[in-house]
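[1] model the structure of this input:
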Amino acid sequence: MARRWTINGRFLSQPTTGVQRYAREVVRSLDALLAEQGPLARGLDVRLHCPPGSEEMPLAFIERFEIGRTSGHIWEQTQLPSSLGGGGLLSLCNTGPLLSRKHIVCIHDANVWNAPQSYSLAFRSFYRILLPCLGRTACGISSVSNYSLGELVRSGVVPVHRAFLAPNGHEHVLQWTPQHSAGTRLAASPETIVMIGSAAPHKNVRLILDMAERLAAAGLRIAVVGMSDSRVFRSGSPKAKAQNIHWLGRISDGELAALLADSLCLAFPSLTEGFGLPALEAMAVGCPVVVSDRASLPEVCANAALFVPPDDPEGWFDRFMQLRDCEDKRKQMIRRGRARASAYRWRATALRYLEAMAAADGADTLTKVVRVPELT
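    The predicted structure follows:
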């Protein structure tokens with residue numbers, strides 16, 4: 001008898017951030033593994049259930065269905081579980097239906113506890129109730145870094161015996177075709193520091209923006225990519241007006257690849273991160289990264305980044321000048337970054353989910369899920 005699993009496709013109705021990117025790439029890799037029909041994929045029927053009007057996602061083996069008449073949390077908690085037909089459910093974007101028991105959920109971080117100032121009261125209150133409930137009802141909980149797993153266990157959200165690591169990958173970046181827009185062409189230069197993210201306080205972008213005049217005096221400029229969602233993040237957008245700051249908003253993957261490849265470095269000064277996908281993407285493109293020495297970033301970047309405390313502007317300025325003034329140092333960081341990024345693969349993460357699904361089905365004689373050590 002075929003084992004049946006459904007993927008929670010709510011992410012196809014949401015704007016794409018790092019969490020939705022994770023879901024897309026895991027699903028694509030699962031589709032490829034199912035098409036290969038390896039030992040963990042044989043006899044496995046996987047479907048993708050989405051809210052009405054969701055974005056299309058070309059897949060070769062996983063069949064996509066639009067179900068129900070609503071969307072959002074109502075769809076996820078009521079209409080999705082009624083469509084499962086007794087099979088298992090895989091939810092890759094922090095949330096999922098509480099009524100499902102054969103349920104594997106990826107919770108990406110513990111930021112509603114670690115950085116409450118970055119979220120609206122309604123958002124963090126809801127997640128502080130929902131996530132521990134999922135931790136009790138789901139049969140498996142994954143997260144994207146050992147740091148995040150540890151924080152979720154420490155916060156009492158996830159029982160350690162049901163937790164496993166399923167990190168981000170880098171292969172999607174290799175499909176990007178660098179192509180400048182007028183805005184990114186103007187912003188990119190060997191003296192440009194790129195920042196990616198939002199104005200949420202835990203992203204700590206103000207640390208770099210407050211250095212704008214000093215950076216300008218040294219011949220450096222800043223390109224800011226991304227924007228915050230006012231429904232989730234509390235107000236706090238930087239008001240910097242310096243002439244050397246380029247506000248680019250949301251840009252395409254091709255534009256981002258071109259910007260990173262033609263700039264000095266990526267600056268990622270976050271106070272806390274579940275993983276830090278922009279740093280991995282920059283390394284994969286061949287852009288040096290200067291990152292905070294906190295949370296998951298030392299684990300993810302290892303020796304492939306320059307680390308600075310997120311409250312040390314002098315240290316950040318020093319690292320920027322090192323990269324600008326020492327071409328050998330910059331080339332070294334590019335080599336290390338590409339090597340480090342290649343260690344993170346979506347295919348390996350998809351295999352971990354197939355292992356977890358087999359374990360939930362009682363079909364784990366070939367392999368079993370373990371909490372893997374940090375990549376080195």
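[2] in the chain, which spans are helices?
    Applying DSSP state H to the chain gives helices spanning 18-36, 72-74, 111-114, 121-137, 146-154, 182-187, 205-209, 212-217, 253-261, 277-285, 297-301, 313-325, 327-342, 346-360.
[3] of those, which is nearest residue 87?
    helix 346-360 (9.9 Å; CB to CB). C-beta here means a position set from N, CA and C on the backbone, and glycine is covered the same way.
[4] same for that closest one, what does it pack against?
    Judged by 3 or more CB pairs under 8 Å, 6 or more residues apart in numbering; DSSP states H and E, helix 346-360 is in contact with helix 18-36, strand 88-91, strand 103-106, strand 140-143, strand 163-165.
[5] now do the buried residues in it.
    Using 16 or more other CB atoms under 10 Å as the test for burial, helix 346-360 gives 346, 349-360.
[6] and stretch 289-296, by the same measure?
    Along stretch 289-296, these residues count as buried under the neighbour rule (16+ other CB under 10 Å): 289-292, 294-296.
[7] same check on stretch 5-20?
    So, applying 16+ other CB under 10 Å, buried residues of stretch 5-20: 5-14, 17-20.
[8] min pLDDT across the residues you listed, which one?
    The lowest pLDDT within the buried residues of stretch 5-20 belongs to residue 17, with 90.
[9] who's in contact with that residue?
    Under the criterion of CB atoms under 8 Å, 6 or more residues apart in numbering, residue 17 has no contact partners.
[10] wait, residue 171 touches residue 348, no?
    No: with contact defined as CB atoms under 8 Å, residue 171 does not count as touching residue 348 (10.3 Å).
[11] where does the stretch 251-376 of the chain have low pLDDT?
    364-376 (pLDDT under 70).
[12] circling back: I'd like the buried residues of stretch 5-20 as a markdown table, with distance to residue 263 appended.
    Output for the buried residues of stretch 5-20, formatted as a markdown table (distance: CB to CB, whole Å):
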| residue | distance to residue 263 |
| --- | --- |
| 5 | 42 |
| 6 | 42 |
| 7 | 36 |
| 8 | 36 |
| 9 | 35 |
| 10 | 34 |
| 11 | 29 |
| 12 | 31 |
| 13 | 33 |
| 14 | 29 |
| 17 | 22 |
| 18 | 20 |
| 19 | 25 |
| 20 | 25 |
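[13] what's the most distant pair in these?
    Farthest-apart pair in the buried residues of stretch 5-20 is 5 and 17; separation 24.7 Å (CB to CB).
[14] can I get stretch 355-363 as CSV, trimmed to CA atoms?
    Backbone C-alpha positions of stretch 355-363 (Å, rounded to 0.1, in the frame of the first residue of the first chain) are rendered in CSV as follows:
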residue,chain,number,x,y,z
GLU,A,355,13.8,10.0,6.5
ALA,A,356,11.4,11.7,8.9
MET,A,357,8.4,10.8,6.9
ALA,A,358,9.5,7.2,6.8
ALA,A,359,10.0,7.2,10.5
ALA,A,360,6.5,8.6,11.1
ASP,A,361,5.1,5.8,8.8
GLY,A,362,7.1,3.1,10.8
ALA,A,363,9.0,2.4,7.6
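[15] can you give me the offset of it from its chain's centre?
    25 Å (CA atoms, centre = their mean, to the nearest Å).
[16] do stretch 266-276 as well
    Put simply, stretch 266-276 sits 11 Å off its chain's centre (CA atoms, centre = their mean).
[17] got the end-to-end distance for it?
    This stretch, stretch 266-276, spans 12 Å end to end (CA to CA, to the nearest Å).
[18] which residues sit in contact with the closest residue to residue 41 other than its chain neighbours?
    Sequence neighbours aside, residue 34 is the residue nearest to residue 41 in space, at 4.8 Å (criterion: CB to CB, 6 or more residues apart in numbering). Contact analysis of residue 34 by CB under 8 Å, 6+ apart lists 41, 44, 46, 61-62.
[19] quickly name whichever of those is closest to residue 211.
    Checking the contacts of residue 34 against residue 211 with CB to CB, the nearest one is residue 62 at 46.5 Å.
[20] okay, now the closest one: neighbour count?
    21 (other CB atoms under 10 Å).
[21] likewise residue 330?
    Neighbours of residue 330 (other CB under 10 Å): 18.
[22] then residue 168?
    Residues lying near residue 168 (other CB under 10 Å) number 24.
[23] correct me, but it touches residue 349?
    Yes: counting by CB under 8 Å, residue 168 does reach residue 349; the two are 7.4 Å apart.
[24] about what we covered before: return the most buried member of the helices of the chain.
    The highest average neighbour count among the helices of the chain, using mean count of other CB atoms under 10 Å, belongs to helix 277-285 at a mean of 26.
[25] coming back round to it: which of the buried residues of stretch 5-20 fall in strands?
    5-8 (DSSP state E).
[26] give me the domain ranges for this structure.
    Split into domains by automatic domain parsing, the chain comes to 3-169+345-360, 177-342.
[27] could I get the ones in strands among the buried residues of stretch 5-20 as a markdown table with distance to residue 98?
    Below are these laid out as a markdown table (distance: CB to CB, whole Å):
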| residue | distance to residue 98 |
| --- | --- |
| 5 | 18 |
| 6 | 16 |
| 7 | 18 |
| 8 | 13 |
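[28] perfect, I'm done here.
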